[in-house]
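[1] pasting a predicted model and its sequence here:
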Amino acid sequence: MLNKKFNKTKNPYKSLTKIVEEVLVSEYATVRIQKDTDLDVRSFKVSNQTADKVIQALDVDPHYDKINNYLNSKGFTIERFQRGDYEKLMNTILANSKESLESFVKFIETSNKPLMESQLTGNLMRIGNSAGLSTEFINSLFNPGLSDNKNNKVGPGEVLIGVLFNDVKNTPTTGDLLVGNQEVEVKSQDGRFGPQPGRGEFIVPFTSFIAPFVNLKDPQIINNYNTVANSIKVPGVNVEKARYDMVKHMIASYEFINDKKAVYENIISVLDSIYTSNNPVARSYVTQAMLENKERDKLKKALLKINTVGYLGDKKLIMLNEKFEYAFVTKEKMLEDGGLIDSGKIIPTSNFKFSEAFPNLGLR
């Protein structure tokens, strides 16, 4: 097994000829002394074993230059990483088996690489295998544990996607990757469309949907409201843990307040204040019929659509899970009928809650 430790001060293609010549002269002299004959140096050949020794002496893999040049062409340069992390990336690649490295070099040389823009959803492992890359290699690049030059973590899949797709590069500015000329952020499993949750504080009080219509200081009213709210079940969650579930309180508020149109308007107003205060859209996704019929699944999808409008804007994402599945995400692809939300391709992995209005999302 060749020694694949990365050493950027040595370059196999720059010095290989010189070192082979030195080895040849040394072996020629040894043979001549041993046999005391004058050999014709033109017929002297270096054995495979000697060639391996030369490569080991160089302390790098013979494919280094080609791999390095390819990474640089894809925007993965030493300047784009935290100090030492480009070397870490090279070490990760060169630690693959000889067969995996040879298949990667063959992949580099092919002109028929996959295109992200023609495969907006798929599986990186299957696409990579079909393109000739080994499972070992794809696994090694999925999450190499790197940081960029601003000390931000390079997320799972970013390097692999940049290497695999011909129309993807590392972005030199903001964002994570360039797909064509579009800046695209990569979000792995359990990413969210919004800020991380705080320490249990409410985005708005759970009584916000009924606040304009009742005296919140009256304990009897609050007790009566809680009785209605607790009668509305949240699938898979007990009453205590479902206490601040947002969909439950949307339905409970609509049931509790007699003036249905007024409470509906207030629910819409509160949702817009949470997600889309500068671009109110809640009315487009939450209907009175959903509340009247207690359609929890539709309401949950509606909240995700409102959340998407407030977060994405013109942003484009690649969402990725641990099974190597990905989806190229735009606001339009999320919101359209039968799109990524309606089809259940992208789902919240937890419920919308007043203390966590921006839940983790998953790709399935």
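    Done, it's in.

[2] helices of the stretch 151-300 of the chain, start to end?
    Assigned by DSSP state H, counting those that start in this stretch, the helices in the stretch 151-300 of the chain fall at 158-164, 219-230, 246-256, 260-275, 282-285, 288-292, 296-312.

[3] for the fourth one, buried residues please.
    For helix 260-275, the neighbour count (16 or more other CB atoms under 10 Å) marks Val263, Tyr264, Asn266, Ile267, Ile268, Ser269, Val270, Leu271, Asp272, Ile274, Tyr275 as buried. C-beta here means a position set from N, CA and C on the backbone, and glycine is covered the same way.

[4] just the CA atoms of it, as PDB, please.
    Included here for helix 260-275 are C-alpha records, laid out as PDB according to Å, rounded to 0.1, in the frame of the first residue of the first chain:
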ATOM      1  CA  LYS A 260     -65.600  32.700  13.300                       C
ATOM      2  CA  LYS A 261     -64.700  35.300  10.700                       C
ATOM      3  CA  ALA A 262     -63.100  37.500  13.300                       C
ATOM      4  CA  VAL A 263     -61.000  34.700  14.900                       C
ATOM      5  CA  TYR A 264     -60.000  33.500  11.500                       C
ATOM      6  CA  GLU A 265     -58.700  37.000  10.600                       C
ATOM      7  CA  ASN A 266     -56.800  37.200  13.900                       C
ATOM      8  CA  ILE A 267     -55.200  33.700  13.300                       C
ATOM      9  CA  ILE A 268     -54.100  35.000   9.900                       C
ATOM     10  CA  SER A 269     -52.700  38.200  11.400                       C
ATOM     11  CA  VAL A 270     -50.700  36.300  14.100                       C
ATOM     12  CA  LEU A 271     -49.300  33.900  11.600                       C
ATOM     13  CA  ASP A 272     -48.100  36.700   9.300                       C
ATOM     14  CA  SER A 273     -46.500  38.500  12.300                       C
ATOM     15  CA  ILE A 274     -44.500  35.300  13.000                       C
ATOM     16  CA  TYR A 275     -43.400  34.400   9.500                       C
END
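
[5] and it with helix 296-312, angle?
    Orientation check (axes from the mean of the first three to the mean of the last three CA atoms, to 10 degrees): helix 260-275 against helix 296-312 gives 40 degrees.

[6] so Tyr64 makes contact with Met90?
    Yes: shown here, Tyr64 and Met90 form a contact pair, counting by CB atoms under 8 Å, at 7.3 Å.

[7] thanks a lot, see you next time.
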